[in-house]
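Undergrad: whatever this is, show me its structure:
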Amino acid sequence: TRAAVEEGIVTGGGVEYIRALDALSNVHGLNEDESVGIEVIKRAIEEPLRQIAFNAGVEGSVIVNKVSEGEGDFGYNARQNKFDNLKAIGIIDPTKVARVALENAASIASMLLTTEAVVADKPEKDAPPMPGGMDGMGGMGGMM
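TA: Next up is the predicted model:
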């Protein structure tokens, strides 16, 4: 893609975000609020990999911990439910796409934190499903 040509590629599957957590290991807040904010950011950076794991039907925390213990391109191959060198098997992301996604997420989070009010839709409960068709009546066959 053009984005990959412009800025190159990184290991996909959320691995690069996990590797970026190392840069935050020495960052400490000046007060409790900042410290909580740093922990929120660390957790948010793990979310893409957690979502991939969830979609594959496995526990995200286990996958995040295992990938965190690895190095380089080591990550979780959800399609085959195993750990592998993701870049070697073609699981990659354009650097620009990964960077812009992170920048946009940070921008939205910043906007929410500085906004005094947020308007959102009230979640609606799903209506019960329609009842099934009738059984056959003496030689008439089913109605569905």
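Undergrad: find the nearest non-adjacent residue to the residue nearest the centre of the chain, please.
TA: Among the residues of the chain, the one closest to the centroid is P48, at 2.1 Å (CA atoms, centre = their mean). The shortest distance from P48 to any non-neighbouring residue, by CB to CB, 6 or more residues apart in numbering, is to G14 (3.8 Å). Placement of C-beta: from N, CA and C, glycine included.
Undergrad: where exactly do the helices run in this protein?
TA: 2-7, 15-24, 32-55, 60-69, 95-114 (DSSP state H).
Undergrad: which residues does the first one contact?
TA: Defining contact as CB atoms under 8 Å, 6 or more residues apart in numbering, one finds that helix 2-7 is touched by 92, 94-97, 99.
Undergrad: which stretches of the chain have low pLDDT?
TA: With pLDDT under 70 as the threshold, the chain has low-confidence stretches at 132-144.
Undergrad: and the residue nearest to the centre of the chain, how close does it get to Y76?
TA: 11 Å (CB to CB, to the nearest Å).
Undergrad: over to L30?
TA: In this structure, L30 and Y76 are 35 Å apart, going by CB to CB.
Undergrad: looking at these two, which is more packed in?
TA: The neighbour comparison of L30 against Y76 (other CB atoms under 10 Å) goes to Y76, with 28 against 7.
Undergrad: the spatially closest residue to E59 that is not a sequence neighbour: how many residues sit nearby?
TA: Beyond its immediate neighbours in the sequence, the residue positioned closest to E59 (CB to CB, 6+ apart) is A53, lying 6.7 Å away. By the other CB under 10 Å criterion, the neighbourhood of A53 contains 23 residues.
Undergrad: what do you get for R99?
TA: The burial count assigned to R99 is 15, neighbours taken as other CB under 10 Å.
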